[in-house]
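*Asks:* Sequence plus predicted model, see below.
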Amino acid sequence: MRLSERQSNLDTQLDSAHTLWHPQPFRDIRPAWCADYPDLLAELLALDDATAEALNNDGRAALGFLANFFPAASDLVALSAIPACTASPKVEHGWRWAWEIPGRKQQQIEAFAAAAHPTGLPVLDWCAGKGHLGRLLALQWQVAVTSLEIDPVLCDQGGQLAARSGVSQKFACKNALTVTNAFSPQQQAVALHACGDLHRRLIYSGAEAGVARLEIAPCCYYRGVAEIYQPLSGALQTSVTRDDARLAVTETVTASARLKRQRDKEMAWKLGFDLLRREISGESLYRSFKPVPAACFRGDFSAFISLMAQRENMLVPQGMGLAEFESLGWQRQREVMRLSIVRHAFRRPLEVLLVQDLGLYLEAQGYEVSIGSFCERQLTPRNLLISARRA
Ligand SMILES: C[S@@+](CC[C@H](N)C(=O)[O-])C[C@H]1O[C@@H](n2cnc3c(N)ncnc32)[C@H](O)[C@@H]1O
């Protein structure tokens, strides 16, 4: 199936399921879909903790679960299935090139390099960090690499690593959003996990300049989105807000049991505070608050409420029965975890919609485009690679 056809089908399905994935259960105590799907609601609320955790972390299984109540969910499994990239055999460079790179990151970079297509042209490594990917490509493809990065400390450290490896890699310490003259037709560009408007700038400006080949593993799609995501490739039926675009990247694969307990406690306390605020103010709607630093959760619940009340300018009357709000917070946390399975089922389909939008834009600019996954999601859930060759 052609990319445009896949996108049109996915767009239609996501748009028709909008009421299921758009509401955020930590804001809406009972999202509107609960009234339309009472059996789904009952089954979700009856899930044990381990199953709820597993379904929250496995979008495909969550779509399968949802399909019992909303049959179109099974179409989304196929529409968001992305094939693995064809990878060239791994090249051994010894351990020296990967000096300082944490294990998982090194594997991501090696997988990206194996899935990318060498052209023999100089490489632009976009939003390069310390330029680990650029260094590996300079070594493996024997080409000159320019690693563009805004942070001078990372540029310095990357420069030292390049010198130590003896590769042809230089750093351009520049802002990717405003840089001019970075692109040329006799060039290949790569970007591993350049966020939101950073990967969109590469796509717009790289295509405009006719860069010969672009290979981009995007992430943080919501960055640079004001309120509603503006599709690059033309109108979508599906309206994707900034929060929806963020949903696509909320999946984690690394949380330990201790981190999960901490995450649950933080959510329960914040929900407990939200219920208390609704009670005191008489407002029935959720009101967002600034991110709460980890230090605020170190004491007990009443200390947490004092800190939050101070931050939010809220007066907590004496005798509010904080223990009751703590236990209501935990009750809400258990419900939110279960109701969120519905929203989380749509994470990958939404991500695929956003990535295909970028791919279709490149097609319209005269590129041959393929989209594949360059590594297992256990290495990184942001494993989609857009590979575009100027036709
Ligand atoms: C998620 S990191 C990815 C780094 C590297 N590509 C990798 O995968 O290891 C994103 C990088 O983009 C850089 N960055 C952020 N804003 C930038 C900008 N406006 N111009 C250039 N680089 C930027 C950050 O400093 C950071 O090093």
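*Replies:* Sure, I can see it. Numbers count the residues shown, from 1 in each chain.
*Asks:* contacts and neighbour counts: CA atoms only from here.
*Replies:* Will do.
*Asks:* How about the contacts made by the nearest residue to residue 66 once chain neighbours are set aside?
*Replies:* Among residues not flanking residue 66 along the chain, residue 73 sits closest, at 6.4 Å (C-alpha to C-alpha, 6 or more residues apart in numbering). Contact analysis of residue 73 by C-alpha atoms under 8 Å, 6 or more residues apart in numbering lists 63-64, 66-67.
*Asks:* Against the ligand, how distant is residue 73?
*Replies:* 32 Å (C-alpha to the nearest ligand atom, to the nearest Å).
*Asks:* contact partners of the longest helix along the chain?
*Replies:* Assignment by DSSP state H gives helix 257-281 as the longest helix of the chain. For helix 257-281, the surrounding residues in contact (C-alpha under 8 Å, 6+ apart) are 26, 283-287, 297, 301, 304-305, 308, 314, 316, 325-333.
*Asks:* Point out the other helices and strands that the helix or strand where residue 386 lies packs with.
*Replies:* Take DSSP states H and E as the rule and residue 386 turns out to sit in strand 384-390. If you count contacts as 3 or more C-alpha pairs under 8 Å, 6 or more residues apart in numbering; DSSP states H and E, strand 384-390 packs onto strand 213-219, helix 347-364, strand 367-373.
*Asks:* Mind doing that once more with 6 Å?
*Replies:* strand 213-219, strand 367-373 (3 or more C-alpha pairs under 6 Å, 6 or more residues apart in numbering; DSSP states H and E).
*Asks:* related to what we said a few turns ago, report the mean confidence score over the longest helix of the chain.
*Replies:* Per-residue pLDDT over helix 257-281 has a mean of 95.
*Asks:* now stretch 184-204
*Replies:* Here stretch 184-204 scores 98 as its mean pLDDT.
*Asks:* For it, buried residues please.
*Replies:* Residues 184, 187-203 are the ones in stretch 184-204 that count as buried (16 or more other C-alpha atoms under 10 Å).
*Asks:* How far off centre is that stretch?
*Replies:* Computed by C-alpha atoms, centre = their mean, to the nearest Å, the chain-centroid distance of stretch 184-204 equals 17 Å.
*Asks:* rewinding a little: please flag which of the contacts of helix 257-281 sit within helices.
*Replies:* 301, 304-305, 308, 325-333.
*Asks:* Sort out which of these are buried, if you could.
*Replies:* 301, 304-305, 308, 325-326, 328-330, 332-333.
*Asks:* Output those in a markdown table, with distance to the ligand and pLDDT appended to each entry.
*Replies:* What follows is those, written out as a markdown table (distance: C-alpha to the nearest ligand atom, whole Å; pLDDT from 0 to 100):
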| residue | distance to the ligand | pLDDT |
| --- | --- | --- |
| 301 | 34 | 97 |
| 304 | 32 | 97 |
| 305 | 34 | 97 |
| 308 | 31 | 96 |
| 325 | 38 | 97 |
| 326 | 36 | 98 |
| 328 | 37 | 98 |
| 329 | 34 | 98 |
| 330 | 33 | 98 |
| 332 | 33 | 98 |
| 333 | 30 | 98 |
